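Asks: below is the sequence, then the predicted model.
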Amino acid sequence: MSDTPENTAAEHVNAADEKPAAPAKIKAASKPTAAPKKPAAKKVAAKAVTAKPAAAKSAAAKPATKAKKSTIEVDGKTRYYEPAPEHIDVEEFRKVVMSRRSVRKFTKRPIPDAVVNDCIDMALLAPNSSGLQPWDFYLVRSNEKKKKLVKFCFSQLAAATAAELIVVVARTDRIADFAARMLREWPQDNIPTIVKRYYKLIPIHYASGPLNSFAFAKKAAFAVGGLLYPVPRGPFTESELKLWAAKSTALACENLMLAFRAHGFDTCAMEGFDDKRVSDMLKLKDGEFPIMVIGAGERAPDGVFHPQVRFDRKLFVHEV
């Protein structure tokens, strides 16, 4: 998902990608503020969380802070140092991945708010292009809106029985704003010059212009340059920008679904919905578009309708 300028600045920009400086807002469809806590949450928490209990405070929920001054010498140069954690249990991770299914029917058991928020926070840690975090998550908590959303999802059982319905929205309307925010909230005291240049160029690089006029001009220019050397071929047009945002947002969706599974709950990602009606209900503006509705809850005994189907690995894996 990286563009050519980002590759040049990879050793600096990647740190921002893995540690988002400004997490996207988590929105409740009924109100712009966080959803009210359910009085019964404490009573069901012990039963609902079949895996590890949710952390009271997750990393993504904390405000951005300056990175600790941890460095290492590489080839005579001082580099930022962030060692990978040790002793990660791959078999437990495999269990989460392999047990994740598209569950079509849920029980009436609620999901504690602490679990929902922890899963959202893990979704916000997903990798994303240039660290621009082009997403929003709408927790549909209003009974009225939830009934409408079920109808907009064509009354699918996965929507009708879900304890939580989350509309995941990709955004192309705040690229310039978030590029500037990245420079304001860069997690180190000194911003490398190449990083400053990169984020100042982003609004120009991604601007499509009226009727894609800028986009087509850039496409023509890069096509000529591409005859001689590798060049970025986009995203330039509005449709390419939508694809750009959807790719990063889909990565966050996968994080979200795996997080619910790790907490002992299940999900169903639904693309079958009336996107115009969903957009109208959420009052989305130009540059904001829903890419999927995720239903979450406890798996009903008959919630998985059939065994998982995966075609032969040879169809998809290629060595070149």
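Replies: Happy to help now that I have it. Numbers count the residues shown, from 1 in each chain.
Asks: name the nearest residue to residue 262, ignoring sequence neighbours.
Replies: residue 96 (5.0 Å; CB to CB, 6 or more residues apart in numbering). From N, CA and C alone the C-beta is placed, and that goes for glycine too.
Asks: list the contacts of the one you found.
Replies: 258, 261-262 (CB atoms under 8 Å, 6 or more residues apart in numbering).
Asks: which member of those is positioned nearest residue 164?
Replies: residue 261 (13.9 Å; CB to CB).
Asks: can you say which helix or strand has that closest one in it?
Replies: Residue 261 belongs to helix 238-262 when elements are defined using DSSP states H and E.
Asks: centre of the chain to that helix, how far?
Replies: 5 Å (CA atoms, centre = their mean, to the nearest Å).
Asks: likewise for stretch 101-108?
Replies: Averaging C-alpha positions (CA atoms, centre = their mean) puts stretch 101-108 22 Å from its chain's average.
Asks: what does that stretch rub up against?
Replies: With CB under 8 Å, 6+ apart, stretch 101-108 has contacts from 156-158, 161-163, 266-269, 295-300, 302-305, 308.
Asks: rerun at 6 Å
Replies: Outside stretch 101-108, the residues within contact range by CB atoms under 6 Å, 6 or more residues apart in numbering are 157-158, 161-162, 266, 268, 297-300, 303-305.
Asks: in JSON lines: the residues you listed, plus pLDDT.
Replies: As requested, the contacts of stretch 101-108 are arranged in JSON lines below (pLDDT from 0 to 100):
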{"residue": "157", "pLDDT": "98"}
{"residue": "158", "pLDDT": "98"}
{"residue": "161", "pLDDT": "98"}
{"residue": "162", "pLDDT": "98"}
{"residue": "266", "pLDDT": "98"}
{"residue": "268", "pLDDT": "98"}
{"residue": "297", "pLDDT": "98"}
{"residue": "298", "pLDDT": "98"}
{"residue": "299", "pLDDT": "98"}
{"residue": "300", "pLDDT": "98"}
{"residue": "303", "pLDDT": "98"}
{"residue": "304", "pLDDT": "98"}
{"residue": "305", "pLDDT": "97"}
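Asks: quick one, which of those residues are buried?
Replies: By neighbour count, with 16 or more other CB atoms under 10 Å, the contacts of stretch 101-108 hold 157-158, 161-162, 266, 268, 297-300, 303 as buried.
Asks: for the chain, where's the lowest mean pLDDT among helices and strands?
Replies: Least confident helix or strand of the chain, by mean pLDDT, DSSP states H and E, is helix 41-48 with a mean of 35.
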